[in-house]
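J.: sequence? don't have it. structure:
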């Protein structure tokens with residue numbers, strides 16, 4: 001029998017811990033909880049979870065510190081839940097290794113959807129690196145550097161493909177402006193967000209059915225972008 005995915009919830013609000021334990025258990029997840037950052041890190045090391053749901057405002061460590069310390073030894077998905085809704089808070093968490101960010105109060109169905117996406121991405125990463133990613137009518141061949149839409153080849157420049165490939169390889173994950181710029185253009189260009197906006201517009205024109213209402217290359221306001229594939 002397949003073992004249920006294990007979720008570690010690190011949050012200092014007892015009512016949040018109780019609610020998430022009840023809801024996630026009903027959805028057939030195994031749930032472990034911690035109310036402090038150090039406790040959560042110890043539990044993660046002793047019994048590695050499949051995903052971590054993490055609050056930023058912990059009594060002993062800031063959540064960004066917990067992210068950074070987890071990333072020293074594991075690539076398990078980290079979803080941040082926080083009352084902090086400022087752009088810089090989101091960017092800091094994502095740059096320290098979080099995969100996603102939800103602001104409290106949050107909708108449980110949205111959280112569950114984010115959990116499913118993160119688990120799929122983690123399973124893909126564990127088995128083998130994806131050689132192709134499908135998103136609706138799009139097929140992105142990461143090996144042969146080819147993109148088709150409804151079976152028709154889409155011509156992309158080398159930089160456009162590098163940008164698309166990086167996002168597609170991190171499907172479902174929020175990528176900050178800085179992380180994308182550093183990967184595609186290099187560290188010296190990490191603050192030139194205007195480069196990214198120009199190339200994102202070009203990609204949307206070539207790939208999206210409605211470029212002004214993107215389905216795949218989605219903006220995370222003030223933070224970065226997320227690539228969404230089929231659910």
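T.: Arrived safely. Since we're looking at a predicted model, the values are computed, not measured. Residues are numbered from 1 along each chain as shown.
J.: out of everything not next to it in sequence, what's closest to the residue positioned nearest the centre of the chain?
T.: Closest to where the C-alpha atoms of the chain average out (CA atoms, centre = their mean) is residue 173, at 2.1 Å. By the measure of CB to CB, 6 or more residues apart in numbering, the closest residue to residue 173 outside its immediate chain neighbours is residue 99, 4.7 Å from it. Glycine gets a C-beta too; all of them are placed from N, C-alpha and C.
J.: For the one you found, which residues are in contact?
T.: Contacts for residue 99 (CB atoms under 8 Å, 6 or more residues apart in numbering) come out as 77, 78, 79, 118, 121, 172, 173, 174.
J.: Who are the contact partners of the first one?
T.: By CB under 8 Å, 6+ apart, the contact list for residue 77 reads 50, 51, 52, 99, 100, 118, 119, 121, 122.
J.: just checking, what packs against the helix or strand of the chain with the lowest mean pLDDT?
T.: Sorting the helices and strands of the chain by mean pLDDT, DSSP states H and E puts helix 108-127 at the bottom, at a mean of 82. Secondary-structure packing of helix 108-127 (3 or more CB pairs under 8 Å, 6 or more residues apart in numbering; DSSP states H and E): strand 51-55, strand 78-82, strand 100-103.
J.: if you set the cut-off to 6 Å instead, what comes out?
T.: Helix 108-127 sits against no helix or strand, with contacts defined as 3 or more CB pairs under 6 Å, 6 or more residues apart in numbering; DSSP states H and E.
J.: With distance to residue 144 as extra columns, can I get the contacts of residue 99 in a markdown table?
T.: Converted to a markdown table, these look like this (distance: CB to CB, whole Å):
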| residue | distance to residue 144 |
| --- | --- |
| 77 | 28 |
| 78 | 32 |
| 79 | 33 |
| 118 | 28 |
| 121 | 22 |
| 172 | 23 |
| 173 | 23 |
| 174 | 28 |
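J.: Tell me how far the least confident helix or strand of the chain lies from the chain's centre.
T.: 9 Å (CA atoms, centre = their mean, to the nearest Å).
J.: that older thread, just the buried residues from the contacts of residue 77, in ChimeraX please.
T.: Paste this into ChimeraX to select the buried members of these, with burial taken from 16 or more other CB atoms under 10 Å:
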select :50,51,52,99,100,118,119,121,122
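J.: Name the nearest of the contacts of residue 77 relative to residue 206.
T.: Taking CB to CB as the measure, residue 206 lies nearest residue 121 of those, at 24.4 Å.
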